[in-house]
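Trainee: turn this into a model:
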Amino acid sequence: MDATQWLHYGVHYPILFIVLISVLVFVHEFGHYWVARRCGVKIERFSIGFGPELFGWNDSHGTRWRFALLPLGGYVKMYGDANPASAPDKDKVVHMTEEEKKVSFFFQPVGKRAAIVFAGPLFNYAFAWIVLAIVFMTVGQPFTKPVVNSLMENMPAATAGIQVGDTITAIDGNSVSRFEELQQYVRLRPGQPVIVTVKHGEAMREIPITLARDNMKDRFGQEHPIGLLGIKAQGLDYIQRDPASALYYAVRETLQFSKTTLTAMGQIVMGERSTNELGGPLRMAQMSGEMADQGFVPWMILMVLISVNLGLINLFPIPVLDGGHLVFYAMEAIRGKPLSLGFQEIGYRIGTGLVLCLMVFAFWNDLVQLKVIHYLVNLVS
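Mentor: You can find the predicted model right below:
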C-alpha cells in the first residue's frame with residue numbers, strides 16, 4: 001500500500017466514519033435533550049463520545065457541551081443521573097430538596113420520563129425520514145415495476161408457471177408496488193415456501209413457491225445465504241416525488257428496513273444465518289468510506305440506514321438501552337410506583353454487560369472478517 005492509499009484508507013475512511021457516527025449520535029442525544037428541556041429537566045452534560053474531554057463549552061443554562069476522545073457514542077447526563085446510562089444516583093436522589101426534585105429526571109412523572117427516553121430513537125427515525133424524503137424529491141426514488149421481464153430456467157418462478165408479462169402484486173400477503181420490495185423480501189428467505197400473488201392479464205392467482213437457495217458474497221468476501229425466485233424485471237428508473245409523497249415513501253422505506261433488520265436478527269438468533277453477519281465499527285468505517293467514494297448521496301443513504309438501525313436497536317428491551325428504560329417505566333405505570341433503586345441498578349449492570357459482550361463480539365468479527373487477525377498471525381509466525 002503506497003502513501004496515497006494509506007491516506008485514503010487509513011485517514012480518509014476513519015474521518016468520514018467519525019463524522020457520520022457523530023452526526024447520528026448528536027441527533028439521537030439531541031432528541032433526549034430537547035424533550036428533557038421542555039419537561040423542565042436540567043441537563044448537566046451533552047457529550048459526543050466517551051472518555052476524556054477533548055474540548056467543550058458551557059451554555060447559559062449550565063449544560064457542558066463536550067467532544068470526548070472515543071467517538072463511538074455519546075450521552076446526555078441529566079440532573080440526578082449517576083452515569084451516562086441515566087441510572088439514578090442513589091445517594092443524590094435521597095437528599096434532594098423540593099426545588100432540586102423539580103429539575104431532576106428521576107422525579108419527573110413517568111409519562112415525561114418515557115417521552116424523554118423515547119425521543120432519542122424517534123429523532124433518529126425523523127432524521128432518516130427527512131433525509132430520505134429530500135433524496136426522493138431531488139435525486140428520485142429507485143423504482144422498478146414488479147413486472148416479469150424474463151425468467152431464469154429451472155428456477156422456482158418458471159417451474160411454478162409464472163410467465164413473462166405477469167405482475168407480482170403481493171408475496172405472503174404483503175403488497176408489492178416495486179420490484180425492490182419483492183427482492184428484499186425474497187433474499188431473506190432462502191429455501192422457504194412463500195405464496196406469490198400474480199396478475200396475469202385481468203386474472204389474479206396465488207401461487208405456492210419454494211424459493212431457491214444461493215450464496216452471495218459481500219464486499220468483505222464473506223458468503224451469505226439468499227433466497228431466489230428466478231425472475232428479472234425491467235430497467236431501474238428514478239421517480240422524483242412531491243413533498244407529501246416523498247415523506248410517505250420515506251416513512252414506508254424506513255419501516256420496511258426496520259422489519260427486514262428484525263427478520264435478519266431473528267434468523268441469526270434461530271441459527272438460520274451466521275453470526276459473522278454482525279458487523280462492528282471497523283466494517284462500518286469501511287462501508288462508510290466506500291459509499292463516500294461513490295458519491296455524497298450514497299453516503300447519505302448509508303447514514304439513513306445506520307440512523308434507523310441506531311433508533312431500532314435502542315428500542316430493544318435491554319436495561320441500559322432506551323427500550324430497557326421504557327420497560328421499567330411501563331412496569332412502574334402498572335404497579336403505580338417506581339421499581340426499587342436496587343432492582344434498577346442490577347438491571348443496568350446486566351444490560352451493560354450484555355451490550356459490552358455484543359460490542360466485543362462484533363469488533364472481533366470485524367478483525368476476523370477483515371483478515372486483521374490473519375495478518376497479525378502471519379507477522380509473528
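Trainee: count residues in the vicinity of Gln286, would you?
Mentor: Gln286: 20 surrounding residues under other C-beta atoms under 10 Å. Where you see a C-beta, it was placed from the backbone N, CA and C, and this is true even at glycine.
Trainee: so what does it have for phi and psi?
Mentor: phi -60, psi -40 (degrees, to the nearest 10).
Trainee: quick one: the residue lying closest to it once chain neighbours are set aside from Gly49, how far?
Mentor: Spatial nearest neighbour of Gln286, excluding adjacent residues (C-beta to C-beta, 6 or more residues apart in numbering): Tyr13 at 6.4 Å. Distance of Tyr13 to Gly49, computed by C-beta to C-beta, to the nearest Å: 18 Å.
Trainee: for Pro71, same thing?
Mentor: From Pro71 across to Gly49, the span is 4 Å (C-beta to C-beta).
Trainee: try Gly56
Mentor: According to C-beta to C-beta, Gly56 stands 11 Å off from Gly49.
Trainee: repeat for Val25
Mentor: Distance of Val25 to Gly49, given as C-beta to C-beta: 8 Å.
Trainee: identify the contacts common to these two.
Mentor: Contact criterion C-beta atoms under 8 Å, 6 or more residues apart in numbering; residues shared by Val25 and Gly49: Pro71, Gly73, Gly74.
Trainee: as JSON lines, the residues you listed with neighbour count, pLDDT and distance to Val304 would be great.
Mentor: Listed next are the shared contacts of Val25 and Gly49 as JSON lines, based on neighbours: other C-beta atoms under 10 Å; pLDDT from 0 to 100; distance: C-beta to C-beta, whole Å:
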{"residue": "Pro71", "neighbour count": "20", "pLDDT": "85", "distance to Val304": "20"}
{"residue": "Gly73", "neighbour count": "18", "pLDDT": "86", "distance to Val304": "19"}
{"residue": "Gly74", "neighbour count": "23", "pLDDT": "90", "distance to Val304": "19"}
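Trainee: which one of Gly56 and Gly49 has more residues nearby?
Mentor: Taking other C-beta under 10 Å, Gly56 and Gly49 do not tie; Gly49 has more neighbours (21 against 14).
Trainee: now for Pro71 and Gly49: what residues contact both?
Mentor: Among the neighbours of Pro71, those also in contact with Gly49 (C-beta under 8 Å, 6+ apart) are Ser22, Val25.
Trainee: dump stretch 133-141 to PDB, keeping only the CA atoms.
Mentor: Extracted C-alpha coordinates of stretch 133-141, given in PDB (Å, rounded to 0.1, in the frame of the first residue of the first chain):
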ATOM      1  CA  ALA A 133     -37.600  12.500   1.600                       C
ATOM      2  CA  ILE A 134     -35.100  15.100   0.400                       C
ATOM      3  CA  VAL A 135     -33.300  12.500  -1.700                       C
ATOM      4  CA  PHE A 136     -36.700  11.300  -3.200                       C
ATOM      5  CA  MET A 137     -37.600  14.900  -4.100                       C
ATOM      6  CA  THR A 138     -34.300  15.800  -5.700                       C
ATOM      7  CA  VAL A 139     -32.500  12.700  -7.000                       C
ATOM      8  CA  GLY A 140     -35.600  10.500  -7.000                       C
ATOM      9  CA  GLN A 141     -36.700   7.100  -5.500                       C
END
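Trainee: okay, helices next: where are they in this structure?
Mentor: Using DSSP state H, the helices found in the chain span residues 3-6, 13-38, 90-93, 98-102, 110-138, 156-160, 179-187, 243-269, 281-294, 296-314, 322-335, 341-369, 372-380.
Trainee: distance to Pro225 added to those, as JSON lines?
Mentor: As requested, the helices of the chain are arranged in JSON lines below (distance: least, C-beta to C-beta, whole Å):
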{"stretch": "helix 3-6", "distance to Pro225": "33"}
{"stretch": "helix 13-38", "distance to Pro225": "28"}
{"stretch": "helix 90-93", "distance to Pro225": "49"}
{"stretch": "helix 98-102", "distance to Pro225": "55"}
{"stretch": "helix 110-138", "distance to Pro225": "28"}
{"stretch": "helix 156-160", "distance to Pro225": "15"}
{"stretch": "helix 179-187", "distance to Pro225": "9"}
{"stretch": "helix 243-269", "distance to Pro225": "9"}
{"stretch": "helix 281-294", "distance to Pro225": "19"}
{"stretch": "helix 296-314", "distance to Pro225": "21"}
{"stretch": "helix 322-335", "distance to Pro225": "29"}
{"stretch": "helix 341-369", "distance to Pro225": "16"}
{"stretch": "helix 372-380", "distance to Pro225": "24"}
